[in-house]
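J.: Return a 3D structure for these sequence lines:
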Amino acid sequence: MGGKLSVESKEGDGSTFTVDIPFSTASEKQQKMASHPVIDGMDAGMNGYIPKPVSIKDIKEAFKENY
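T.: From the prediction side, this is the model:
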């Protein structure tokens, strides 16, 4: 992978840490992919099930009807 880590330290003055990490530029394909927006499932027209919040009143009514 490469790279470099170095440290310089002077008593009473402190320390300096340096990290060099080599990298390359993105390929043409990666650049094209980065320019497209991310589509969330809901934005794509897929209707997901969103449950209704449950209240104590709803639970009591469900028990009355079924038991």
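
J.: Not counting residues beside it along the chain, what's closest to Val7?
T.: Leaving aside its sequence neighbours, Val7 sits nearest to Phe17 (C-beta to C-beta, 6 or more residues apart in numbering; 5.2 Å). The way it works is simple: take the backbone N, C-alpha and C, and place the C-beta from them, glycine included.

J.: Next, the buried residues of the helix or strand hosting the one you found.
T.: Phe17 belongs to strand 14-20 when assigned by DSSP states H and E. Of the residues in strand 14-20, none count as buried by neighbour count, 16 or more other C-beta atoms under 10 Å.

J.: Mind listing residues that contact it?
T.: Gly3, Lys4, Leu5, Ser6, Val7, Glu8, Ser9 (C-beta atoms under 8 Å, 6 or more residues apart in numbering).

J.: Would you agree the fifth one falls within a helix?
T.: No: secondary structure assignment places Val7 outside any helix; it is strand (DSSP: H, G, I helix; E, B strand; the rest coil).

J.: what's around it, how many residues?
T.: 9 (other C-beta atoms under 10 Å).

J.: tell me the pLDDT at it?
T.: Looking at Val7, its pLDDT reads 96.

J.: So it versus Phe23, what's the distance?
T.: Counting by C-beta to C-beta, to the nearest Å, the gap from Val7 to Phe23 is 22 Å.

J.: And the third one, by the same measure?
T.: Applying C-beta to C-beta, the value for Leu5 to Phe23 is 16 Å.

J.: now do Gly2
T.: 10 Å.

J.: Phe63 should be in a helix, yeah?
T.: Yes: Phe63 forms part of a helix when assessed by three-state DSSP.

J.: now stretch 55-64, how far from the centre of its chain.
T.: Centre-to-centre, stretch 55-64 and its host chain are 38 Å apart (C-alpha atoms, centre = their mean, to the nearest Å).

J.: meant to ask about stretch 2-22, not that
T.: On C-alpha atoms, centre = their mean, the centre of stretch 2-22 falls 31 Å from the chain's centre.

J.: swap in stretch 29-42?
T.: So, by C-alpha atoms, centre = their mean, the centroid of stretch 29-42 is 15 Å from its chain's centroid.

J.: what's the average pLDDT for it?
T.: 72.
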